[in-house]
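**Student:** 3D model of this:
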Amino acid sequence: MENKINEKSLETAALTIDLTKEKSKDREKAQPLLSHHPPLPPTETSNAILHFVSSTSRFLNEFVSVANTRLEATSQKMDEAETQLMLLESKLKSDPQIFHRDENAEAR
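**Tutor:** Numbering: from 1, shown residues only. The predicted structure follows:
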């Protein structure tokens with residue numbers, strides 16, 4: 001049993017080393033690509049971040065607005081349905097034949 005555990009841990013360690021080697025190879029490939037480009041000036045970086053934040057907040061504000069509108073419409077529909085249900089219940093309770101049938105069914 002111990003041998004199996006050791007073999008599995010060795011296999012896992014070997015896979016981890018292989019993955020680490022692949023990641024370092026990917027980093028080495030990316031380094032020459034990045035080394036040819038100078039870093040962006042801080043103003044361009046801050047402008048890019050500002051644009052991202054403003055466009056994201058604009059999207060979120062619009063999303064919240066649409067969601068609130070839809071929730072309000074759904075709430076109104078639910079209120080109307082609740083009112084209609086209350087009216088239907090009161091009509092059913094006002095008819096003694098229907099009301100007595102329901103009581104007899106509940107008694108059984």
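
**Student:** below-threshold pLDDT in this structure: ranges please.
**Tutor:** Residue ranges of the chain with pLDDT under 70: 1-35, 99-108.

**Student:** tell me where the longest helix sits in it.
**Tutor:** Identified as the longest helix of the chain according to DSSP state H is helix 42-94.

**Student:** who are the packing partners of it?
**Tutor:** The helices and strands touching helix 42-94, judged by 3 or more C-beta pairs under 8 Å, 6 or more residues apart in numbering; DSSP states H and E, are helix 96-107. The C-beta positions use only the backbone N, C-alpha and C, and glycine is treated the same way.

**Student:** burial of A48, as a residue count?
**Tutor:** Counted with other C-beta atoms under 10 Å, residues neighbouring A48 total 11.

**Student:** and the gap between it and S54?
**Tutor:** Between A48 and S54 the distance is 11 Å, computed by C-beta to C-beta, to the nearest Å.

**Student:** and if you look at M86?
**Tutor:** Taking C-beta to C-beta as the measure, M86 falls 48 Å from S54.

**Student:** ok, now D79?
**Tutor:** D79 is 37 Å from S54, where distance means C-beta to C-beta.

**Student:** likewise F63?
**Tutor:** 15 Å.

**Student:** OK, contacts around A67?
**Tutor:** Applying C-beta atoms under 8 Å, 6 or more residues apart in numbering, we find A67 in contact with no residue.

**Student:** how much space between it and N61?
**Tutor:** Distance, A67 to N61, using C-beta to C-beta: 11 Å.

**Student:** likewise for S46?
**Tutor:** For S46, the distance to N61 - C-beta to C-beta - is 22 Å.

**Student:** and for S75, the neighbour number?
**Tutor:** Count around S75 with other C-beta under 10 Å applied: 10.

**Student:** same question for T69.
**Tutor:** Counted with other C-beta under 10 Å, the neighbours of T69 add up to 10.

**Student:** right, I'll leave it there.
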